[in-house]
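>>> Sequence first, then the predicted structure:
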Amino acid sequence: MQKLHPVDRLFDKLREISPYPDGVVPVTQRIEGTAFFPGGAGLWGMEPDTPLPPMPIGQVMVLGHDFDTEVGYQQSLAQRGENLKSPTWRNLLWLLNQVQVSPATCFFTNAYMGLRAGNSNVTGRFPGARSPGFVQQCQAFLAYQIAVQRPRLILTLGRYVPAVIASLSADLAGWARCTSFRVLDTQAQSLIPCAEFGRTMPVKAAVIGLTHPSIWHRCVLGRCYGALRGKEAELQMLQDAIEVAGIPRCAT
C-alpha cells in the first residue's frame, strides 16, 4: 500500500476540526498551486496537475496566523495559486533570500485553520480566537503538524502567533502573554534556541518570533535584539536561529 503524502495526512486530519465558530468557515477545496496550508499544500514549487513536492521533514516551518478571507481564498482558488507578488509572499521570500534559506526547505502553514467569512479585514486577530474550544482544536492540530513535519526551526509570523504556539511547549512559557513584539523582545525571548514539542516522539526546534511580512518594512523598525535595532535586529536573530537549528544555506 502506498503511503500517504504528509500533506494528504494533514488534510485528512483537518476534517476532524468541528464546529467552526461564527465568522470562520472551513476550506472546501485545495488550491492547486503554491499557497500556504490549509488553503493549499503549503509547499514551494507547487504546480497544477503535478505530484506534490516532498515535505521538508526536519527543516523549516513558516507559521502564519490564518490563511485568508473567504473571498481572497476564492480568488487564489480561481488563479490556481496565491499571488506571490503580494506583500506577504514578496517580503517573506526576500527575508529567506537574505539568510540564504531556500523556500523549498519550508512548510508554509498557519496556526488557525479555516477562513475569515466573507471579505472581512484580513488583518487583526482571527475571529476564531474568541472561541476557546476552537482555539484548543487549532492548537492540537498545530501539535499534529509539528509531529508530522518535525521541523528543526519554526518561524512564527506576526504578534498573535507566539501566544497560540506557547501552550505546546514548556520552553515557550514566556510567550504565553506576549501581546506585542516589544514585550517579546524585552520581557521574554524572541529566539528560543530549543523548544521541545510532544512527549511520545518529541520534536526539538528553535523557535523565533518574526514581524509579519505583510507589514514588515513598517513594523520591523521597533524590533530589538541585543544592541541591534530595527531591520538589523530581526535579520540577525533570524541568522542566529538558522545557525542554532543547523538549517542548510543555499541560494534561493
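That came in fine, so what should we check first?

>>> who's in contact with stretch 37-45?
7, 10-11, 14, 27, 30-36, 46, 52-56, 67-68, 73, 76-77, 81-82, 102-104, 106-110, 113-115, 145 (CB atoms under 8 Å, 6 or more residues apart in numbering). To be clear about C-beta, it is placed using only N, CA and C from the backbone, and glycine gets the same treatment.

>>> Sort out which of these are in strands and list them.
Judged by DSSP state E, those include 106-110, 115 as members of strands.

>>> could I get the residues you listed as a markdown table with pLDDT?
Formatted as a markdown table, those follow (pLDDT from 0 to 100):
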| residue | pLDDT |
| --- | --- |
| 106 | 98 |
| 107 | 98 |
| 108 | 98 |
| 109 | 98 |
| 110 | 98 |
| 115 | 97 |
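
>>> any idea which of those is the one closest to residue 239?
Using CB to CB, residue 106 is the member of the ones in strands among the contacts of stretch 37-45 that lies nearest residue 239, at 16.1 Å.

>>> Could you measure from the closest one over to residue 99?
12 Å (CB to CB, to the nearest Å).

>>> More neighbours: which of the two?
residue 106 (23 against 17; other CB atoms under 10 Å).

>>> how about the residue nearest to the spatial centre of the chain, what does it touch?
The centre of the chain sits closest to residue 63, judged by CA atoms, centre = their mean, with a distance of 1.0 Å. Each residue near residue 63 by CB under 8 Å, 6+ apart is listed here: 109-111, 142, 154-157, 161, 165.

>>> any weak-confidence spans in the stretch 151-252 of the chain?
251-252 (pLDDT under 70).

>>> ok, which stretches of it are helices?
For the stretch 151-252 of the chain, helices defined by DSSP state H, counting those that start in this stretch occupy the ranges 161-165, 181-186, 216-219, 230-245.

>>> Could you export the ones you listed as TSV, including mean neighbour count?
Formatted as TSV, those follow (neighbours: other CB atoms under 10 Å):
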stretch	mean neighbour count
helix 161-165	24
helix 181-186	18
helix 216-219	14
helix 230-245	18
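
>>> I'd like to know which of the ones you listed is closest to residue 88.
Nearest to residue 88, of these and by CB to CB, is helix 216-219 at 9.0 Å.

>>> and that closest one, what does it pack onto?
Contact analysis of helix 216-219 by 3 or more CB pairs under 8 Å, 6 or more residues apart in numbering; DSSP states H and E lists helix 87-98 as its packing neighbours.

>>> about what we covered before: narrow the contacts of stretch 37-45 to those in helices?
Among these, DSSP state H puts 7, 10-11, 14, 73, 76-77, 145 in helices.

>>> May I see those arranged in JSON lines, with pLDDT as well?
Formatted as JSON lines, those follow (pLDDT from 0 to 100):
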{"residue": "7", "pLDDT": "97"}
{"residue": "10", "pLDDT": "98"}
{"residue": "11", "pLDDT": "97"}
{"residue": "14", "pLDDT": "97"}
{"residue": "73", "pLDDT": "96"}
{"residue": "76", "pLDDT": "97"}
{"residue": "77", "pLDDT": "96"}
{"residue": "145", "pLDDT": "98"}
